[in-house]
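K.L.:
Just the structure for this:
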Amino acid sequence: MLVALAACLVGPGSSPAQAAVPDSPAVTYTNPIAEKRADPHIFKHTDGYYYFTATVPEYDRIVLRRATTIQGLSTASEVTIWTKHTSGVMGAHIWAPEIHFIDGKWYVYFAAGSTSDVWAIRMYVLEGTGANPLTATWAEKGQIKTTWESFSLDATTFVVNGVRYLAWAQRNPSEDNNTSLFIAKLSNPWTISGTPAELSQPTLSWETVGYKVNEGPALIQHGSKVFMTYSASATDANYCLGMLTASATADLTNPASWTKGSTPVFQTSAATSQYGPGHNSFTVSEDGKSDILVYHDRSYKDISGDPLNDPNRRTRVQKVYWKADGTPDFGIPVADGVTPQRLSSYNFADRFVRHWEYRARIEANVSPLADSQFRAVTGLAGTGTVSLESTNFPGYFLRHKNFEVWVEKNDGTSAFASSASFYRRAGLADSAGVSYESYNYAGRYVRHYNYLLYVQALSTSTDRADATFYAQ
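P.N.:
Coordinates of the predicted model:
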């Protein structure tokens, strides 16, 4: 807070106090993580492994992968730990598995229909004994019983203030919709304690396109608040995420403790060719310093027939950023390939590089988030350089023009390539940061002056501070 205050008190030409190295440094992944894997769930365990499960398009089995990195899940071998029954319950529509480790054992929550009625979807639990769930012995613990025998799915479990909860989606027979969201405490991993509470039903226009749906709850805690994301509308390009917010110290089984957002927090982006993002979960980065959003979407909008019969939902990940007020900002579903990062100012800790009407500048409280996200790619001028591509304007890059830095579309010329390519150097004011030297004007660096970005020669310590950034 003192650093931010100092940054506010000094003028742009002064040399304010040095910003602290960010608590959450940049992480990058290459999307997609897994093709033809929907409703993804990634769990980071204390054994150093990430465990990954998801719905397979055949809807007939539960699969697991593990790797020591999130990216490693993309090539990890996959094991089938359970297969649907040949008749009766748990015999059809095996959906949305989640894996959790509770009191020394593994648990997989999933939904399934019956061979006699594939739409008689209910929630079930498997219990696994063994250190490695890919080789564990699995036992069926049966159905999770709720208030009604009705369509129910997407069970997730979490602990807040030492209390373990279950949240899920279910058809309330008294409502004219498909599913609403519910929560209850658990007496054991497969048994609800007390009367479930209904937290949300689909009533808003973006929750009711195609189907009236609230489903796929996922919880993340940050500071003194808890946030429950959920998916809404049909599972096509209209699929999106909404969010409920509560105090972490409130009674989470009291619907009055939760506030529902009026707009989606994550939705289709035609600019990045990402359609129908949803059914998310959360995990953490390898260094434990970043929260990671895990979700599925498609790379195209138009679907032939029932979206449930389209197999091409795929698992993707990207970093969650946190606003100054402690709420999450998911931005937009980023383009396939390497995920973007943000660049914060070394000497103005709360300011990030962003584009505004295509001019590059540093600014605090950037909205929309994607204006301040850039993907570092191989330099347009060739090996040894990098170029910084806009997240919400793919094909547009940071480039200098008359020594001013703009975001402009690559026109394919060598002149553009040269002006949009930089040598990535250790931070001139702090080697933990980064500085960008112009490819075609040696000795000139990207720096801010009066909060606008330029490519300039540097001579003072203030210049070098202005030309140093932290990747986040």
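
K.L.:
Give me the phi and psi angles of the closest residue in space to Lys323 that isn't next to it in sequence.
P.N.:
The shortest distance from Lys323 to any non-neighbouring residue, by C-beta to C-beta, 6 or more residues apart in numbering, is to Asp329 (5.3 Å). The way it works is simple: take the backbone N, C-alpha and C, and place the C-beta from them, glycine included. Main-chain dihedrals, Asp329, degrees, to the nearest 10: phi -130, psi 110.

K.L.:
now do Ser299
P.N.:
Dihedral angles (degrees, to the nearest 10) for Ser299: phi -100, psi 10.

K.L.:
List the residues that contact it.
P.N.:
Each residue near Ser299 by C-beta atoms under 8 Å, 6 or more residues apart in numbering is listed here: Ser273, Gln274, Tyr275, Asn312, Arg314, Asp336.

K.L.:
And for Leu252?
P.N.:
Counting by C-beta under 8 Å, 6+ apart, the residues that Leu252 touches are Val160, Val163, Tyr165, Ile183, Val226, Ala246, Trp258.

K.L.:
beta partners for the fourth one?
P.N.:
Each beta-bridge partner of Ile183 is listed here: Ala167, Ala197, as defined by DSSP bridges.

K.L.:
Just give the number of residues close to it.
P.N.:
Neighbour count for Ile183, taken as other C-beta atoms under 10 Å: 26.

K.L.:
quick one on the thing from earlier: can you say which of the contacts of Ser299 are buried?
P.N.:
Ser273, Gln274, Tyr275, Arg314, Asp336 (16 or more other C-beta atoms under 10 Å).

K.L.:
Might one say that the last one is in contact with Ser273?
P.N.:
Yes. Under the criterion of C-beta atoms under 8 Å, Asp336 is in contact with Ser273, at a separation of 7.3 Å.

K.L.:
Can you give me the distance of His448 to Leu126?
P.N.:
54 Å (C-beta to C-beta, to the nearest Å).

K.L.:
correct me, but Ala432 touches Val21?
P.N.:
Yes. If you go by C-beta under 8 Å, Ala432 and Val21 touch, sitting 5.2 Å apart.

K.L.:
Overlap of the contact sets of the two?
P.N.:
By the contact definition C-beta under 8 Å, 6+ apart, Ala432 and Val21 are jointly contacted by Tyr470.

K.L.:
quick one, what contacts Gly261?
P.N.:
Gly242, Met243, Leu244, Thr245.

K.L.:
Tell me the spacing between the second one and Ile220.
P.N.:
From Met243 across to Ile220, the span is 10 Å (C-beta to C-beta).

K.L.:
now do Glu286
P.N.:
Using C-beta to C-beta, one gets 18 Å for the distance from Glu286 to Ile220.

K.L.:
can you check Lys212 too?
P.N.:
Noted for Lys212: a distance of 25 Å to Ile220, by C-beta to C-beta.

K.L.:
the more surrounded of Glu286 and Ile220?
P.N.:
Ranked by neighbour count (other C-beta under 10 Å), Glu286 and Ile220 place Ile220 first, with 20 against 16.

K.L.:
Surely that one is within a helix?
P.N.:
No. Ile220 is assigned strand when assessed by DSSP: H, G, I helix; E, B strand; the rest coil, not a helix.

K.L.:
Show me what it bridges to in the sheet.
P.N.:
Beta-bridge pairing of Ile220 under DSSP bridges involves Phe227.

K.L.:
try Val446
P.N.:
Val455.

K.L.:
Tell me the pLDDT of it.
P.N.:
Val446 carries a pLDDT value of 98.

K.L.:
wait, it sits on Ala467?
P.N.:
Yes. Assessed by C-beta under 8 Å, Val446 is found in contact with Ala467 at 6.4 Å.

K.L.:
any common contacting residues for these two?
P.N.:
Residues touching both Val446 and Ala467 (C-beta under 8 Å, 6+ apart) are Ser435, Tyr436.

K.L.:
So for the two, which sits in the more crowded spot?
P.N.:
Shown here are Val446 and Ala467; by other C-beta under 10 Å, Ala467 has more neighbours (28 against 25).

K.L.:
still on that earlier bit, how about the contacts of Leu252, which pair is most distant?
P.N.:
Val163 and Trp258 (15.6 Å; C-beta to C-beta).

K.L.:
Return the set of residues that bridge with the most centrally placed residue in the chain.
P.N.:
For the chain, the residue nearest the mean C-alpha position is Leu293 (2.0 Å; C-alpha atoms, centre = their mean). Going by DSSP bridges, Leu293 is paired in beta bridges with Phe282, Gln318.

K.L.:
Could you report the distance from it to Pro277?
P.N.:
Relative to Pro277, Leu293 is positioned 9 Å away (C-beta to C-beta).
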